[in-house]
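Undergrad: A predicted structure for the sequence below; I have some questions about it.
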Amino acid sequence: RPTAQVFALIVFSCLVGEGYTNVPSSSQLFCVFNRNEDACRYGIGIGVLAFLACIFFFMVDVYFPQISNATDRKYLVLADLGFSGLWTFLWFVGFCFLTNQWSWTQAGDVRVGADSARAAITFSFFSIFSWVSEATARP
């Protein structure tokens, strides 16, 4: 769980920190991914939600041994499994979306945030495998 949380933190912090830029002649900010605001919003959105979900499921893991009701335990495990599967898919979509938009980005549009954009793409790819491991780690 901590690995997925760190990857989510890296993705959304890269996009929030240097995912938006402007040209020297204007103060209008735009997303570095082919000027597509949806690309930045999607990466930030799934990153923040994944980070919060990791905190929630970590707390569930901490209190799990104290839950005596077998039905509640079953539903928590199924919720964790379902959420991990869904987030695996969403990270895959995010990786494909960010990569596609980055491939169409013109070099002149990106002066500062290129490394952060590449880091967001890379760690969204790594997040796919971290969430797969979360989905398969349940007994």
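TA: Cool, the structure landed.

Undergrad: how distant is the longest helix along the chain from the center of its chain?
TA: Ranked by residue count and defined by DSSP state H, the top helix of the chain is helix 70-103. Here the centre of helix 70-103 is set off from its chain's centre by 10 Å, with CA atoms, centre = their mean, to the nearest Å.

Undergrad: since we're on the residue nearest to residue 31 when sequence neighbours are not counted, how many residues are nearby?
TA: Nearest residue to residue 31, sequence neighbours excluded (CB to CB, 6 or more residues apart in numbering): residue 40, at 4.0 Å. C-beta here means a position set from N, CA and C on the backbone, and glycine is covered the same way. For residue 40, the neighbour count with other CB atoms under 10 Å is 24.

Undergrad: what's the answer for residue 14, then?
TA: 24.

Undergrad: cool, residue 60 as well?
TA: Residue 60, neighbours per other CB under 10 Å, totals 16.

Undergrad: wait, what's in contact with it?
TA: The contact partners of residue 60, by CB atoms under 8 Å, 6 or more residues apart in numbering, come to 76, 80.

Undergrad: Just the buried residues of the helix or strand residue 42 falls within, please?
TA: Secondary-structure assignment from DSSP states H and E places residue 42 in helix 37-63. Buried residues in helix 37-63, counting neighbours by 16 or more other CB atoms under 10 Å, are found at 39-40, 42-44, 46-48, 50-51, 53-54, 57, 60.

Undergrad: And residue 112, its phi and psi?
TA: phi -120, psi -40 (degrees, to the nearest 10).

Undergrad: So it versus residue 105, what's the distance?
TA: Between residue 112 and residue 105 the distance is 13 Å, computed by CB to CB, to the nearest Å.
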